[in-house]
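> What follows is a protein structure lacking sequence information:
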């Protein structure tokens with residue numbers, strides 16, 4: 001990502017620090033957000049001229065403005081992603097603008113209808129119960145390894161129609177490509193093993209796509225193969241890229257929601273007790289977990305037409321960091337934003353983005369989070385952190401916020 005960023009902003013207070021490659025910053029970025037929220041968007045010295053946008057209203061303005069801000073990365077980043085990225089240069093919903101984004105989202109959204117997501121609920125409950133059965137036998141467990149990571153992975157594997165005997169291989173490939181995606185976000189080229197695993201996964205998925213063309217099933221790959229409209233259908237490259245995007249974004253979002261949310265709850269006994277007493281509050285609790293310590297810290301836009309956001313001029317070619325996690329604690333929008341309150345009302349957080357790029361899998365992530373956390377709290381009345389004062393380690397890049405490990409005691 002670039003060098004340390006305690007640079008002088010062009011406007012407002014210069015008392016801010018932003019350095020996403022500093023492990024201490026990444027472990028607790030929230031300590032540095034109040035300074036960014038206290039003034040207009042700040043300039044930041046990085047390998048590309050960059051503006052940091054943190055205030056809620058400013059973030060909303062950027063995310064809704066496709067005339068001035070593109071989701072397509074600058075040329076230098078496009079080249080890096082094409083050469084080393086997990087999508088092999090194919091366009092995805094994540095890095096496209098209308099009309100390309102409109103066509104892609106219209107096609108793939110048919111596989112994520114409310115009814116299709118609702119139909120997954122019984123199976124998600126069964127998977128969560130199976131994972132908790134294993135945890136119960138051990139008593140001490142790692143939340144990330146034993147629940148938060150495998151749950152969404154198994155769900156997506158089954159959605160895609162991957163047979164149970166191939167889950168282990170699929171998980172190994174998927175874990176590898178996820179790690180490669182994290183590195184690419186930091187501007188680090190993946191190693192040979194990651195690249196070979198990515199090629200193997202893409203070859204496997206390519207075979208599955210061709211199989212579904214000959215023998216349609218009731219799975220997600222079939223739905224994507226059959227998706228078409230007046231604008232055509234998904235190309236083989238687009239279909240592959242979307243499946244890979246599911247692995248990267250879908251798994252990471254839900255895994256980090258469960259991990260970050262559980263940590264926030266375990267550190268606040270009053271909130272934990274309140275939720276245990278009324279699990280019907282779980283949807284509100286999930287929203288507060290997303291707001292307070294969401295799975296994604298920031299997203300990025302590329303300025304294509306000079307404009308002004310919140311009093312700061314942004315030039316053509318500037319990279320814009322839209323800091324979702326800072327906006328979700330903006331005191332102008334959220335009273336006592338640094339307080340974790342599962343009963344918070346009117347919780348209009350932007351943890352899943354905003355506008356046309358609002359996360360397509362948000363309802364699935366919510367459902368998985370609600371089911372996993374409620375089942376865990378019901379199953380283990382004495383659930384607690386194994387080492388409350390032990391330091392925590394966060395994985396990957398600043399953009400995706402997730403714990404590497406969270407040791408817990410079930411009994």
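Nice, thanks for sending it over. Computed from a prediction, not measured in an experiment: that's the story for all the values here.

> Which element, helix or strand, includes residue 117?
Using DSSP states H and E, residue 117 sits in helix 114-119.

> what residues does that helix touch?
Under the contact criterion C-beta atoms under 8 Å, 6 or more residues apart in numbering, helix 114-119 has outside partners 363-364, 367. Using the backbone N, CA and C atoms, a C-beta is placed for each residue, glycine as well.

> hmm, 6 Å instead?
For helix 114-119, the surrounding residues in contact (C-beta atoms under 6 Å, 6 or more residues apart in numbering) are 363-364.

> In space, what's closest to residue 411 - neighbours in sequence excluded?
In this structure, residue 411 finds its nearest non-sequential neighbour in residue 139, 4.5 Å apart by C-beta to C-beta, 6 or more residues apart in numbering.

> which residues in the stretch 51-200 of the chain form strands?
Here the stretch 51-200 of the chain has its strands, by DSSP state E, counting those that start in this stretch, at 69-70, 140-142.

> Among the ones you listed, which comes closest to residue 299?
Closest to residue 299 of the strands of the stretch 51-200 of the chain, according to C-beta to C-beta: strand 69-70, at 10.5 Å.

> chain center to the closest one, what's the gap?
Put simply, strand 69-70 sits 20 Å off its chain's centre (C-alpha atoms, centre = their mean, to the nearest Å).

> Please apply the same query to stretch 340-358.
Counting by C-alpha atoms, centre = their mean, stretch 340-358 comes out at 14 Å from the chain centroid.

> Next: stretch 21-31.
On C-alpha atoms, centre = their mean, the centre of stretch 21-31 falls 18 Å from the chain's centre.

> Between the two ends of that stretch, how far is it?
Stretch 21-31 has an end-to-end distance of 16 Å (C-alpha to C-alpha, to the nearest Å).

> Counting neighbours, which bits of that stretch end up buried?
25-26, 29-30 (16 or more other C-beta atoms under 10 Å).

> Can you report how many residues lie near residue 98?
A count of neighbours around residue 98, defined by other C-beta atoms under 10 Å, yields 11.

> could you dump the strands of the stretch 51-200 of the chain to a markdown table with mean neighbour count?
Formatted as a markdown table, the strands of the stretch 51-200 of the chain follow (neighbours: other C-beta atoms under 10 Å):
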| stretch | mean neighbour count |
| --- | --- |
| strand 69-70 | 21 |
| strand 140-142 | 17 |
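
> and these as a markdown table, adding distance to residue 348 and mean pLDDT?
Below are the strands of the stretch 51-200 of the chain laid out as a markdown table (distance: least, C-beta to C-beta, whole Å; pLDDT from 0 to 100):
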| stretch | distance to residue 348 | mean pLDDT |
| --- | --- | --- |
| strand 69-70 | 21 | 95 |
| strand 140-142 | 33 | 96 |
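
> Which SSE is immediately downstream of the helix ranked longest in the chain?
Identified as the longest helix of the chain according to DSSP state H is helix 192-214. Using DSSP H and E, the helix or strand that follows helix 192-214 towards the C-terminus is helix 220-226.

> Which other helices and strands does that next one contact?
Using 3 or more C-beta pairs under 6 Å, 6 or more residues apart in numbering; DSSP states H and E, the elements in contact with helix 220-226 are helix 150-160, helix 192-214.

> Would you indicate which residues of stretch 133-143 are buried?
135, 141-143.

> Show the contacting residues for residue 197.
So residue 197 contacts 173, 176 (C-beta under 6 Å, 6+ apart).

> And it, how close does it get to residue 236?
Distance of residue 197 to residue 236, computed by C-beta to C-beta, to the nearest Å: 20 Å.

> now residue 133
40 Å.

> and if you look at residue 345?
On the measure of C-beta to C-beta, residue 345 and residue 236 end up 46 Å apart.

> So for those two, which sits in the more crowded spot?
Neighbour count, other C-beta under 10 Å: between residue 345 and residue 236, residue 236 has more, with 13 against 7.

> Alright, that wraps it up for me.
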